[in-house]
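[1] how would this look folded up:
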Amino acid sequence: MSFSSQVKHELVKIEYDNRCCKKSLLYGMALFSKSFSFKRITFQTENESIVLLFKKLLKELCNIDCRVLVSPSGKSFTIDIKNKMTTSKIMSFFAHSEHETSLKINLSNFSCPNCQNAFLAGAFLSCGTVSSPKKDYHLEFSVAFLNLTKSLATLLSESDLSPKLATRKGYNIIYFKDSESIEDCLYIMGASASMFDMMNVKIEKEIRNIANRKANCETANIEKTVNAASPQIAAIEKIKRKKGLDSLSDSLREMAQIRLENPDLSLSELAEMFNPPLSRSGANHRLKRLIQIADEL
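    Numbering: from 1, shown residues only. Coordinates of the predicted model:
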């Protein structure tokens, strides 16, 4: 099951106690369906549980029985209402008039503080989708009509969300790209379990990124140490081959031997090997002196 299907499955399972919230849920599903007008109301989905919820709410709230049409492939489910008397009954139930010039959200359908949340859940069931947080952060509503798009964007803004707008293949897209807004939207719609799943995925990704940055930092430090040690060891080997380490002073000979035995240590770690320990600058001075002696040979 995709993450989007998981969210919709969770929304379908919500039990609303208030009739007004059930009406708002059905309104969101119908208003953002394939067709919503006095001529024709068509609800289409690839999820059987969603179309059965639409059928159930129509029967419970409007006393309308309708037939679910299944595509030959069995992957698409449609309720297509073309009877003028039935469509008029549904449109009037949601306080829409035949004289309306454009389709917008009729706020008179919301009777309690939770109605808008139920409406958004219905809209998402009808025209929404969300990407898996393991891959990307993206939640969107795909809407056919511009004024209806603006109306939904305003409603989302009133819920303290900040949607963005775009167009794609003739449709208006209302979308969120940041994880916090998507989490808030899921919570408002009632998909709290999916919201927590998304938060857990985000935490895992953050921990993995921190671990990767730490590993990359350690690798870079090792490379830096190796790059610094290479000319030092080459110089010491040159002195050893041409003059012998016994030709060096006690302090330089000790430094040469410790560096040869510990090629992977940083300058600070190398300084700690002495008894008593040297300062970092003291160790660096001795190594520079060994390179200088080798250069003079």
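[2] which stretches of the stretch 51-200 of the chain form helices?
    For the stretch 51-200 of the chain, the helices defined by DSSP state H, counting those that start in this stretch cover 84-93, 115-127, 146-158, 179-189, 192-242.
[3] between those, which one is nearest to residue 26?
    Each of the helices of the stretch 51-200 of the chain has some distance to residue 26 by C-beta to C-beta; the shortest is helix 115-127, at 6.5 Å. From N, CA and C alone the C-beta is placed, and that goes for glycine too.
[4] and that closest one, what does it pack onto?
    helix 3-12, helix 19-31, strand 41-45, strand 139-143, helix 146-158, helix 179-189 (3 or more C-beta pairs under 8 Å, 6 or more residues apart in numbering; DSSP states H and E).
[5] Now stretch 57-75: buried residues?
    57, 58, 61, 62, 64, 66 (16 or more other C-beta atoms under 10 Å).
[6] and the end-to-end length of that stretch?
    Terminal residues of stretch 57-75 lie 22 Å apart, using C-alpha to C-alpha, to the nearest Å.
[7] Other residues contacting that stretch?
    For stretch 57-75, the surrounding residues in contact (C-beta atoms under 8 Å, 6 or more residues apart in numbering) are 19, 22-23, 25-26, 29, 46, 51-52, 55, 76-81, 86, 89-90, 93.
[8] Over to stretch 93-104?
    Here stretch 93-104 makes contact (C-beta under 8 Å, 6+ apart) with 23, 27, 30-31, 36-38, 61-62, 91, 106, 108-109, 145, 147-148, 151.
[9] if we go to 7 Å?
    Contact partners of stretch 93-104, identified using C-beta atoms under 7 Å, 6 or more residues apart in numbering, comprise 27, 36, 38, 62, 106, 108, 109, 145, 147, 148, 151.
[10] average model confidence for that stretch?
    Taken as a whole, stretch 93-104 has a mean pLDDT of 90.
[11] how long is it from one end to the other?
    Span of stretch 93-104 from end to end, C-alpha to C-alpha: 15 Å.
[12] Just list whatever residues bridge to the closest residue to residue 30 other than its chain neighbours.
    Spatial nearest neighbour of residue 30, excluding adjacent residues (C-beta to C-beta, 6 or more residues apart in numbering): residue 36 at 5.6 Å. Judged by DSSP bridges, the bridge partners of residue 36 are residue 41.
[13] any idea how far residue 36 lies from residue 158?
    22 Å (C-beta to C-beta, to the nearest Å).
[14] Ok, residue 267 next?
    60 Å.
[15] Comparing those two, which residue is more hemmed in?
    When residue 267 and residue 158 are compared for neighbours, residue 267 comes out ahead with 16 against 9, by other C-beta atoms under 10 Å.
[16] so the more buried one makes contact with residue 280?
    Yes. Using C-beta atoms under 7 Å, residue 267 is in contact with residue 280, at 5.5 Å.
[17] follow-up on the earlier one: can you list the contacts of stretch 93-104 in JSON lines and add distance to residue 246?
    Listed next are these as JSON lines, based on distance: C-beta to C-beta, whole Å:
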{"residue": "27", "distance to residue 246": "94"}
{"residue": "36", "distance to residue 246": "96"}
{"residue": "38", "distance to residue 246": "105"}
{"residue": "62", "distance to residue 246": "103"}
{"residue": "106", "distance to residue 246": "98"}
{"residue": "108", "distance to residue 246": "100"}
{"residue": "109", "distance to residue 246": "96"}
{"residue": "145", "distance to residue 246": "92"}
{"residue": "147", "distance to residue 246": "92"}
{"residue": "148", "distance to residue 246": "91"}
{"residue": "151", "distance to residue 246": "90"}
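[18] Among those, which pair sits farthest apart?
    62 and 147 (24.9 Å).
[19] give the contact list for the nearest residue to residue 149 once chain neighbours are set aside.
    Of all residues not flanking residue 149 in the chain, residue 172 sits nearest, at 3.8 Å (C-beta to C-beta, 6+ apart). With contact set as C-beta under 7 Å, 6+ apart, residue 172 has these partners: 143, 146, 149, 165.
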